[in-house]
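Participant: only the shape, not the letters, is given here:
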């Protein structure tokens, strides 16, 4: 099966700092990666769609200057939360797919806590 | 935009009882996927339904896709404690629109199984 890793699994940072989260597809080439955010006991909310070699497409209400996404290779996408605030604390999950219409494989998630 | 409603939000059952969660989309779907998320874990793909009226079974789990491709259900027969978790449906819109490829997740049904 397809394996997607995420790093770090947990991170605590101070307000105003930036945090980078990596999402890697370990055994397949992911043309498309998705970034989701999940609050406790809530559903997954799509933040952005990332295609290798092109700019990410952000969902309405998601600030692209705050959540920087880079998809430089077919196996790696990164999400950088810039100038983090406590309200950015959440569970961030990435998923990877061979293409935009293919099955998505989810990473284990990153729990971000901003103090 | 597309909305996916899922009910119930919570379900508590005794071990051995059956469980069903329902999913309804505001628009016709290309396909629907079901995921299970264990407490503290990430979503794990269970199945994808593509055809109108499709029914698929995985051991004690039965998945159905409505004739109009706007609703779906997941039924678990004789629940076990290992079935505990949140079950999400996720709908993919029809091809051709700007949302093609994106999954819209339902709110999830949190299943608790009492031994």
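Facilitator: Great, that's in hand. Every value quoted in this text rests on a predicted model; they were computed, and no experiment measured them.
Participant: looking at strand pairing, list the partners for the residue nearest to residue B:84 when sequence neighbours are not counted.
Facilitator: Distances taken as CB to CB, 6 or more residues apart in numbering or on different chains put residue B:113 closest to residue B:84, at 5.2 Å, once the chain neighbours are dropped. For every residue, glycine as well, the C-beta is placed using N, CA and C. On the basis of DSSP bridges, residue B:113 is bridged to residue B:13.
Participant: for chain A, give me its nearest residue in chain B.
Facilitator: Among the residues of chain B, residue B:101 lies closest to chain A, at 3.2 Å counting by CB to the nearest CB.
Participant: that residue belongs to a helix, doesn't it?
Facilitator: No - Residue B:101 is assigned coil when assessed by DSSP: H, G, I helix; E, B strand; the rest coil, not a helix.
Participant: low-confidence stretches in the chain?
Facilitator: Defaulting to chain A. A:1 (pLDDT under 70).
Participant: actually, chain B is the one I wanted.
Facilitator: For chain B (pLDDT under 70), the answer is B:96-100.
Participant: show me which residues of it sit near chain A.
Facilitator: Contacts of chain B with chain A, taken as CB under 8 Å from any CB of the partner chain, map to B:30, B:33, B:35, B:41-45, B:48, B:86, B:88, B:92, B:95, B:100-108, B:110.
Participant: of those residues, buried ones?
Facilitator: With burial judged by 16 or more other CB atoms under 10 Å in any protein chain shown, the buried subset of these is B:30, B:33, B:35, B:42-43, B:45, B:48, B:86, B:88, B:92, B:101-108, B:110.
Participant: out of the residues you listed, list just those in strands.
Facilitator: B:30, B:33, B:35, B:45, B:48, B:86, B:88, B:92, B:104-105, B:110 (DSSP state E).
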